[in-house]
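In: A predicted structure for the sequence below; I have some questions about it.
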Amino acid sequence: MQLLDVYLLNFRNLEEINLSFDKGINLFYGENGQGKTSFIEALYFNITGKSFRTKNISEIVKYSKLDCGIFLNFLDIYGEKSLALKYEKKHKKYFYNKKKVNYDEYIGKVNVISFIPEDIELINSSPSTRRTYFDYEISQSNYNYYLELKELNKILKVRNKFLKEKNIKNEMYNIYNEKFIDISAKLLIKREDYIKKLSILLNLNYRKLFKSSSELKLIYKPFIDNIEKKSLEEIKEKIKDKSLKVQKKELIYGYSLVGPQRDEYVFNLNEKDAKKYSSQGEKKSIIFSLKISEIDLIVKDKKEYPIFLLDDVSSYFDLMHKDSILNYFFNKNIQVFITSTEKLDIKGKKFLVKEGKIYE
């Protein structure tokens, strides 16, 4: 997969940018605060409909402007296509091949992996951050997972409403609860399968890039125990049992105490929880290895490389690891967008970013 060119308008401090890209490494260099991160954020926003810096989308519109837009041409294994995302009057409008579509039809057209300094929060922050992250990553390679997750969230709201109103003898509650259990079991199986594959790759890549003697694991902790090698029906029975056991508490609290929304993911380095025991340097290396492993998984599932966005490579890694990482990308058939305060000596296309403008 390859991004060909982009036209963007009024995105943060970038007023109007029109660029074409190299199929390999694209370096955006310049002093801090000039618009380097904003540029790769704009690419990410166009591809995913989300920002990796803020949940308040109105923040991404250039000061004194009302709307913004990013228009992208890309190449996948079937040919050239386009994505456009306009943010107008506080609403997002999605276009695929110049036709207006809804978000469900837009997501997943371009697979992208981003790596920004704030990603270390994947280890340090709450379980909901990790769930949100892995939900999106699984959705990239499994569209059915995305649809099931979306359906579950709708049903969960209804289930919580019945619990809050203590109305569980209503026949409609039973219908929704059965559906809730069914989709929950399907999601658990998909999460278990994805993390199992990812954890193997994670350990291999961490050893290859950083510490060859270490043992790194990503552990999936679903809200029910022992689902490995269990059938869909067996998992549904376990969820039913768990649901009945906590039903009194659910009625007291007025919301669901069971379900995939209570799952957790844990990074274990050398048999210790990385959140508690790993250094900041080790956490950075873990997250970078995670991103590289996701590339491998996408290639395995979709038979083509995703786009990789790497922010602030100069300050994030020391010289030895920076060279190791750049060599990794150079040796792979993958298109990378890198930001740096230094004009790195690497093969590829280089762009100077200065005062909200980008020069080739």
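Out: Nice, thanks for sending it over.
In: phi, psi of residue 179?
Out: Backbone torsions of residue 179, given as degrees, to the nearest 10, read phi -70, psi -40.
In: name the nearest residue to it, sequence neighbours excluded.
Out: In this structure, residue 179 finds its nearest non-sequential neighbour in residue 155, 5.6 Å apart by C-beta to C-beta, 6 or more residues apart in numbering. Where C-beta positions appear, they are placed from N, C-alpha and C, glycine not excepted.
In: in which helix or strand does that neighbour reside?
Out: Assigned by DSSP states H and E, residue 155 belongs to helix 143-164.
In: surely residue 209 and residue 292 touch.
Out: Yes. Here residue 209 reaches residue 292: they are 7.1 Å apart, a contact under C-beta atoms under 8 Å.
In: what is in contact with these two at once?
Out: Shared contacts of residue 209 and residue 292, defined by C-beta atoms under 8 Å, 6 or more residues apart in numbering, are found at residue 328.
In: neighbour count: these two, which is higher?
Out: residue 292 (23 against 17; other C-beta atoms under 10 Å).
In: pretty sure that one sits in a helix.
Out: Yes. Per DSSP: H, G, I helix; E, B strand; the rest coil, residue 292 lies within a helix segment.
In: and it, what is it in contact with?
Out: If you count contacts by C-beta under 8 Å, 6+ apart, then residue 292 has 205, 209, 328 around it.
In: shouldn't the last one be within a strand?
Out: No. Residue 328: not assigned to a strand; according to three-state DSSP it is helix.
In: what about it, how many residues nearby?
Out: Counted by other C-beta under 10 Å, the residues lying close to residue 328 total 17.
In: and the first one, by the same measure?
Out: Burial measure for residue 205: 22 neighbouring residues, criterion other C-beta under 10 Å.
In: quick check: it touching residue 289?
Out: Yes. The pair residue 205 and residue 289 qualifies as a contact (C-beta under 8 Å) at a distance of 4.5 Å.
In: got the phi/psi numbers for residue 271?
Out: phi 70, psi 10.
In: tally of neighbours for it?
Out: Using other C-beta under 10 Å: residue 271 sits among 8 other residues.
In: from residue 219, how far off is it?
Out: Going from residue 271 to residue 219 by C-beta to C-beta, to the nearest Å gives 11 Å.
In: ok, the residue nearest to residue 324 when sequence neighbours are not counted - contacts?
Out: Nearest-residue entry for residue 324: residue 209, 5.9 Å, with adjacent residues in sequence omitted and distances by C-beta to C-beta, 6+ apart. Contacts of residue 209 were listed using C-beta under 8 Å, 6+ apart, and they are 285, 288-289, 292, 321, 324-325, 328.
In: switch the cut-off to 10 Å
Out: Shown in contact with residue 209 (C-beta atoms under 10 Å, 6 or more residues apart in numbering): 285, 288-289, 292, 321, 324-325, 327-328.
In: which ones are touching the residue of the chain positioned farthest from its centre?
Out: In the chain, counting by C-alpha atoms, centre = their mean, residue 169 sits farthest out from the average C-alpha position, at 39.1 Å. Contacts for residue 169 (C-beta under 10 Å, 6+ apart) come out as residue 162.
In: kindly report the same for residue 152.
Out: 159, 179-180, 182-184, 186-187, 259-261.
In: what of residue 330?
Out: Contacts of residue 330 by C-beta under 10 Å, 6+ apart are 24-25, 336, 346-348.
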